[in-house]
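K.L.:
coordinates only, sequence not included:
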């Protein structure tokens with residue numbers, strides 16, 4: 001009954017406002033810049049921060065809001081907020097002080113002009129937000145800018161090509177690196193081929209190895225290296241002599257060999273439906289149905305509130321994703337079949353008709369998109385994960401090169417029922433590899449998808465909302481992606497919402513990687529739920545802290561507290577852990593506790609720093625959580641409102657459930673709550 005009561009309260013008061021408001025606003029005309037002194041502060045030293053603003057518009061009294069908010073291991077010890085005015089063409093300077101406590105930290109600077117309750121514009125010039133950050137440089141034992149930090153660390157020389165070339169894809173993949181033993185093996189193959197033609201470069205030789213592995217099989221049905229290499233060498237000579245392209249020369253050499261009857265192979269584009277080999281000794285091949293099965297999993301890195309991201313992993317099924325199969329057999333060129341869907345245990349089964357055995361070849365390719373509505377492989381997907389920076393190869397026609405996908409090696413199949421066994425996302429070199437070969441494995445994409453899918457399943461499976469109401473969300477993540485984790489709701493209802501997940505490995509954003517921080521991922525999905533199932537309360541404070549109270553922004557606490565509560569409900573976990581180091585770094589992460597919101601770790605974290613009250617997101621989350629769970633914390637310990645000098649008992653939290661919201665019924669109709 002407690003779980004139902006949670007959503008009753010949401011219907012009555014949660015997420016309701018006068019109008020939906022989009023936090024992304026346009027910059028103002030003018031210019032702005034940040035400076036600091038000393039330029040290379042030592043650990044614990046006070047740094048003077050100056051924001052210089054030249055405005056291109058008039059902003060009236062108290063409608064120019066300046067905010068300095070600490071991030072990471074820093075603390076503002078000077079002025080944090082200011083309300084003032086500025087005239088067109090006027091230059092003003094705003095100053096504060098910050099102290100750095102640990103190896104990285106920063107100040108998020110917000111300058112916002114308010115022209116009406118519905119119209120906010122941020123900052124001047126090209127920057128809508130400014131994130132001033134410093135990183136501790138162990139070479140000098142001082143804090144320096146990121147530009148200075150990396151200027152002292154020149155990039156290492158590029159690796160030899162045998163470490164990064166993906167033979168199957170026919171391209172270099174720098175997200176993973178072969179082991180030394182594997183690279184030596186590939187180098188031996190390169191040197192062996194170069195002995196046959198001394199004019200071959202390393203890159204040309206690698207391309208030839210790709211042709212042997214893939215192209216000769218797909219184009220001509222030649223699967224043996226001993227047959228393929230001489231033909232490729234003769235074609236190379238013909239290219240030089242007659243100025244032909246590679247495949248023009250190949251066609252000539254192959255046709256000549258076929259007429260001589262020296263090789264027995266087929267051309268799939270000439271006889272793709274007969275199931276016969278073409279050649280002097282060809283014999284009919286029997287067609288049959290082949291059933292393919294297997295299980296897709298990913299290795300999930302565990303996270304601890306005291307030590308951060310662990311090298312220890314657990315196997316997790318990759319549920320309700322699309323699986324295609326690249327396939328090839330005698331009489332049929334390389335092509336894709338499918339898709340089918342994995343089930344709740346990550347298992348897939350698919351039957352391919354008209355396969356010619358033996359020696360058919362299949363390669364599973366998994367795409368991070370689902371679940372399907374209506375059910376089936378052609379249904380409309382509600383959760384999709386893409387990359388803004390990577391472009392994937394081996395893509396079937398219905399998909400695109402941005403959707404996260406994982407592929408495996410080509411298996412030779414000679415039976416009518418074939419089990420691929422268990423496949424792990426990113427386990428192979430050409431998909432980035434796993435820990436410890438890759439310190440930021442691409443399997444993090446699978447974890448992001450799995451967590452967001454949990455949020456979707458919780459709402460739909462419990463009939464709290466309908467698939468058409470929650471609609472769909474596209475999530476963007478990539479290794480090294482230096483953008484902050486955030487949600488962006490689309491104002492056009494038929495477009496998907498967007499979630500952006502940080503993949504930063506340098507600490508440049510202070511956030512570091514978020515792909516393994518489950519409750520933070522679900523917090524952003526909670527914003528998607530708010531956007532689709534209720535009116536989005538306007539809020540002007542960014543960034544914001546779990547423990548801080550923002551009485552000037554009455555909607556913030558519920559807007560942020562509800563998604564945090566939602567993440568805990570979906571996972572059954574009271575701790576939201578934000579890892580700020582890499583896997584195995586043993587760095588103490590940031591965390592907060594839904595059950596006891598005053599129990600949190602934020603460096604610096606002085607005693608009695610939890611401000612609480614109706615305008616504190618941590619307090620609101622804690623109140624909602626206690627409505628949901630079976631354990632009550634009544635009375636809460638009293639805590640101070642540092643801005644007004646008063647002490648709040650636990651009963652003051654009751655107002656936070658309704659304060660600042662117009663009581664409408666939108667969420668009730670969208671979530672269909674009857675209890």
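P.N.:
Thanks, I have the structure now. If you're wondering where the values come from, they're calculated on a predicted model, not measured in any experiment.

K.L.:
excluding its backbone neighbours, what's nearest residue 137?
P.N.:
Take residue 137 and drop its neighbours on the chain: the residue closest to it by C-beta to C-beta, 6 or more residues apart in numbering is residue 144, 4.8 Å away. Where C-beta positions appear, they are placed from N, C-alpha and C, glycine not excepted.

K.L.:
Could you give the bridge partners of that neighbour?
P.N.:
With DSSP bridges applied, residue 144 shows beta-bridge pairing to residue 135.

K.L.:
Does it touch residue 150 like I think?
P.N.:
No: proximity of residue 144 to residue 150 does not meet the contact threshold set by C-beta atoms under 8 Å, at 9.7 Å.

K.L.:
what pLDDT does residue 398 get?
P.N.:
For residue 398, the pLDDT comes out at 80.

K.L.:
Quick check: which ranges of the stretch 551-675 of the chain have low pLDDT?
P.N.:
603-608, 631-675 (pLDDT under 70).

K.L.:
all helices in it, in order from the N-terminus.
P.N.:
In the stretch 551-675 of the chain, the helices defined using DSSP state H, counting those that start in this stretch lie at 556-571, 617-628, 666-671.

K.L.:
Make CSV out of those helices and add distance to residue 399.
P.N.:
CSV is the format used below for these (distance: least, C-beta to C-beta, whole Å):
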stretch, distance to residue 399
helix 556-571, 28
helix 617-628, 38
helix 666-671, 31
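
K.L.:
Distance to residue 242 and mean neighbour count for these - can I get that in JSON lines?
P.N.:
Shown next, in JSON lines, are these (distance: least, C-beta to C-beta, whole Å; neighbours: other C-beta atoms under 10 Å):
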{"stretch": "helix 556-571", "distance to residue 242": "65", "mean neighbour count": "25"}
{"stretch": "helix 617-628", "distance to residue 242": "72", "mean neighbour count": "25"}
{"stretch": "helix 666-671", "distance to residue 242": "69", "mean neighbour count": "19"}
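
K.L.:
so which of those comes closest to residue 228?
P.N.:
helix 556-571 (51.7 Å; C-beta to C-beta).

K.L.:
How many neighbouring residues does residue 137 have?
P.N.:
17 (other C-beta atoms under 10 Å).

K.L.:
for residue 151, that is, sorry about that
P.N.:
For residue 151, using other C-beta under 10 Å, the count is 10.

K.L.:
and it, how far is that from residue 593?
P.N.:
Per C-beta to C-beta, to the nearest Å, residue 151 is found 41 Å from residue 593.

K.L.:
same check, this time on residue 185
P.N.:
Residue 185 is 51 Å from residue 593, by C-beta to C-beta.

K.L.:
do the same with residue 340
P.N.:
Counting by C-beta to C-beta - residue 340 and residue 593 are separated by 42 Å.

K.L.:
Would you map the helices across this protein?
P.N.:
2-13, 146-151, 180-196, 202-210, 216-220, 225-242, 246-260, 443-461, 467-470, 518-533, 556-571, 617-628, 666-671 (DSSP state H).

K.L.:
Relative to residue 296, which of those is closest?
P.N.:
Among those, helix 443-461 comes nearest to residue 296, with 8.7 Å by C-beta to C-beta.

K.L.:
From the contact counts, what lies against the closest one?
P.N.:
Other elements packing on helix 443-461 under the criterion 3 or more C-beta pairs under 8 Å, 6 or more residues apart in numbering; DSSP states H and E are strand 287-304, strand 308-317, strand 369-373, strand 380-386, helix 467-470, strand 473-476, helix 518-533, helix 556-571.

K.L.:
Go ahead and confirm residue 61 touches residue 87.
P.N.:
No: using C-beta under 8 Å, residue 61 is not in contact with residue 87, being 11.1 Å away.

K.L.:
Which one's more surrounded, those two?
P.N.:
Neighbour count, other C-beta under 10 Å: between residue 61 and residue 87, residue 87 has more, with 12 against 8.

K.L.:
In contact with that one, which residues are there?
P.N.:
Shown here is residue 87, whose contacts under the criterion C-beta atoms under 8 Å, 6 or more residues apart in numbering are 55, 58.

K.L.:
one more time with 10 Å, if that's ok
P.N.:
55, 57-60 (C-beta atoms under 10 Å, 6 or more residues apart in numbering).

K.L.:
What about it? Give its phi and psi, please.
P.N.:
Dihedral pair for residue 87: phi -100, psi 160, per degrees, to the nearest 10.

K.L.:
Let me know the pLDDT of it.
P.N.:
91.

K.L.:
Under the pLDDT cut-off, which ranges of the stretch 1-150 of the chain? List them.
P.N.:
Scanning the stretch 1-150 of the chain for pLDDT under 70 picks out 1-26, 71-73, 102-105, 116-123, 125-133, 146.

K.L.:
first to last residue in stretch 601-615, what's the distance?
P.N.:
20 Å (C-alpha to C-alpha, to the nearest Å).

K.L.:
again, but for stretch 425-442
P.N.:
In stretch 425-442, first residue to last residue: 8 Å (C-alpha to C-alpha).

K.L.:
And that stretch, how far out from the chain middle?
P.N.:
Offset of stretch 425-442 from its chain centre (C-alpha atoms, centre = their mean, to the nearest Å): 15 Å.
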